[in-house]
Every structure is written in structure tokens, then in C-alpha cells.
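Peer 1: Structure for this input, please:
(one chain, ligands or ions: 4)
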Amino acid sequence: AKRDPGTSYRFYDRQLHISAGYQLRLEADLRSALRGKELELYYQPRIDLATEEVRGVECLLRWNHPERGLVGPDEFIPVAERSGLIVPIGYWVIEQACQRLRESAELGFPGLVFAVNLSFRQFHDRKMTETIFRIIFNANVDTSLLELELTESAMMHDPEYAQRCLRELNQLGISFALDDFGTGFSSLTNLQHLPISLLKIDKSFVQDLGHSADAEHIIRATISLAHSLQISVVAEGVENEGQLEFLRQQHCDEIQGYYYARPMPWKDLVQFLTNRDQA
Ligand code: C2E
Ligand code: CA
Ligand code: CA
Ligand code: CA
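Peer 2: Ligands and ions are numbered 1, 2, ... in the order given. Sure, this is the predicted structure:
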């Protein structure tokens, strides 16, 4: 039976998070996971609402633990961030995404955008731009198909350095998406001054649709603000027709959510794209 990646089982129990020994254990496990190829990317399609085409995929990290099964990112990314391990893991993710990007073109799906999440902690690495540059240069991919997703708080530690990284990477052709928009320290200044071409409305707003008039107002205002700044909008966490219809009426550009597809392993994604092609 296939395990649902959205509900990976909770071996790494929340209660245990308190213990320092436990943290070290998890950290050591994670270190060997990176070496031992236990990490895997899942891919969730993003659909263009106007054309119904798959515009791209978000790459989402999973840990295939030999004893514990599939572990979701919410359980190990905080530990990876605290220990700094997210830096090498983050580079591995970009490397893997670039490989798949090449493969997708070879398989007959050119033009597919690959979106990768960046952690705030990766901005502590003074060699970030350089390292990413080396990865994409070696992979020889079309950088305009690589998108990096970051939250606004990711840049707070050292805004000047972060902005410089974004500009340098943007000059290489990489584009940026602002993730979880509306949840943190949303600031209109960020939208205006950073090379952001996409904004992702957090799933909490989408899931409040139909229950809260505020969610409607916020989504409507966000889309109109983004569009007035020539920024596209993706709504995440779309699970039903009602949410989809509302977003369509508001001219949201793309949607991502269980309604269309869940995050899936590479093989399943290839199958998914092939089936849609034939439909
Ligand atoms: P995120 O970047 O906000 O990613 C979207 C999350 O929403 C994913 O959870 C995805 O599986 C989930 N999702 C998508 N559609 C639906 C839906 O219709 N309903 C619901 N309920 N959920 C939906 P996931 O894969 O568990 O990832 C959780 C978070 O872990 C991500 O949130 C991201 O912040 C982080 N993450 C994942 N992969 C990476 C990575 O490679 N690097 C870093 N730094 N963070 C990552
Ligand atoms: Ca994301
Ligand atoms: Ca998000
Ligand atoms: Ca998130």
C-alpha cells in the first residue's frame, strides 16, 4: 500500500523534541540520510488556470527512513535548520531538481518550471550564490526554468546580503517566488524592491474560503496588488471545486493543491504528465 505523503507517520514524536539527546540522534540520522541517499524529492504540479496546463512543479523533500518509513519535511527541516545541515541538504535539493529539469526536457516535457524551497538558514552561507551558480553551471540547465521559493522572514537575518544574493541569482536567469504570503511579516516594500516574479498565497487563506469573509477579502486584495506590480499569483492548498471557482473568478494565475494532484515521486509525475498529454 502507498503511504500518503501528506500524512507521513509521526515516529519523531513531538514530545521527544524536548530532549537534547534526541535532537542529536535525529541530526546524526539526517546526516547519514544525506550520505546514504535516503532523501528523495516529491513533485507537486502547478496548474495554469487559463490554459489548464501544468506550468511547473514544486519540489518537496521526503526522507525514506529505512525503519521509520516516509518522514515529512515538517518533522526534520527544523532540526536540519538548527544544526545547519539544511545548507548541504539545500544544495542537494537544487542539484536533484536540475537533474530532473534536464530529464523532463528529454522526456518531452520542455518548459516545465522547477520550484525549490530555500530556508532562511541557507542565507547564512556566505557562498550561497557561488555554490548555486556552480550547481546550475555543471547541470547545464535553462536557468529560466528554475524558481526559488522563499518566505519574507528568510531575508530578515541580513536583508542586504539576502537582497544581493537574490539580485545575483536573478541575473543568472533564476526567478523567485514569495512563499506563504500573508502569514508572516508581509511587507509591500519587499514586493517592490526585490526581484520577485511570483507570489504564493498561503494555504491557510485558501482553506478558510467559504468560512471566512476575511479570507476572501485578503485573497482578492493580494491578487489585485500582485497583478498591479506585474507579479503572478499561485494559490496553494486548493482542495475543492468551490475554492477553485473563487480563485478563477479572481483571476488567480495558477493553483497547486490536492484537487489537481498531490506531491508524488518522480516516476508518478512522469506518468501524470504523460496521461495529461494524451487526454
Ligand atoms: P510549503 O513550501 O508551503 O509547501 C507546501 C506544502 O503544502 C507541502 O507540504 C504540500 O504537500 C502541502 N500541500 C499542497 N497541496 C495541499 C493541499 O491541497 N492541502 C494540504 N493540506 N496541503 C497541501 P510538505 O511537502 O509537507 O512540506 C511542508 C513544508 O516543508 C513546505 O511548505 C516547506 O516549507 C518545507 N519544505 C519542503 N521541502 C523543502 C526543501 O527542499 N527545502 C526547504 N528548506 N524546505 C522544504
Ligand atoms: Ca513552498
Ligand atoms: Ca507555502
Ligand atoms: Ca511553509
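
Peer 1: which bits of the protein sit near ligand 1?
Peer 2: Within the chain, the positions near ligand 1 by Cβ under 6 Å from any ligand atom are 6, 44, 60-61, 72-74, 77, 86, 90, 93, 117, 119, 179-180, 203, 236-239, 256-258, 263. From N, CA and C alone the C-beta is placed, and that goes for glycine too.

Peer 1: Give me the subset of the residues you listed that also touch ligand 2.
Peer 2: Intersecting the residues of the chain next to ligand 1 with the surroundings of ligand 2, defined as Cβ under 5 Å from the ion, gives 117, 179.

Peer 1: Go through the residues of the chain next to ligand 1 and flag which are in helices.
Peer 2: Of the residues of the chain next to ligand 1, the ones assigned to helices by DSSP state H are 73, 74, 77, 86, 90, 93, 203.

Peer 1: Arrange those in JSON lines, one row each, with distance to residue 55, neighbour count and pLDDT as further columns.
Peer 2: Formatted as JSON lines, those follow (distance: Cβ to Cβ, whole Å; neighbours: other Cβ atoms under 10 Å; pLDDT from 0 to 100):
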{"residue": "73", "distance to residue 55": "22", "neighbour count": "16", "pLDDT": "95"}
{"residue": "74", "distance to residue 55": "25", "neighbour count": "10", "pLDDT": "92"}
{"residue": "77", "distance to residue 55": "25", "neighbour count": "20", "pLDDT": "95"}
{"residue": "86", "distance to residue 55": "27", "neighbour count": "25", "pLDDT": "97"}
{"residue": "90", "distance to residue 55": "23", "neighbour count": "24", "pLDDT": "98"}
{"residue": "93", "distance to residue 55": "20", "neighbour count": "21", "pLDDT": "98"}
{"residue": "203", "distance to residue 55": "18", "neighbour count": "19", "pLDDT": "95"}
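
Peer 1: Go through those residues and name the one nearest residue 107.
Peer 2: residue 93 (20.5 Å; Cβ to Cβ).

Peer 1: Could you pull up the contacting residues of residue 170?
Peer 2: 176, 195 (Cβ atoms under 8 Å, 6 or more residues apart in numbering).

Peer 1: so residue 198, which of the three states?
Peer 2: strand (DSSP: H, G, I helix; E, B strand; the rest coil).

Peer 1: Tell me the spatial nearest neighbour of it, not counting adjacent residues.
Peer 2: residue 177 (3.9 Å; Cβ to Cβ, 6 or more residues apart in numbering).

Peer 1: which element follows the helix or strand hosting that neighbour toward the C-terminus?
Peer 2: Applying DSSP states H and E as the criterion places residue 177 in strand 175-181. Using DSSP H and E, the helix or strand that follows strand 175-181 in sequence is helix 188-193.
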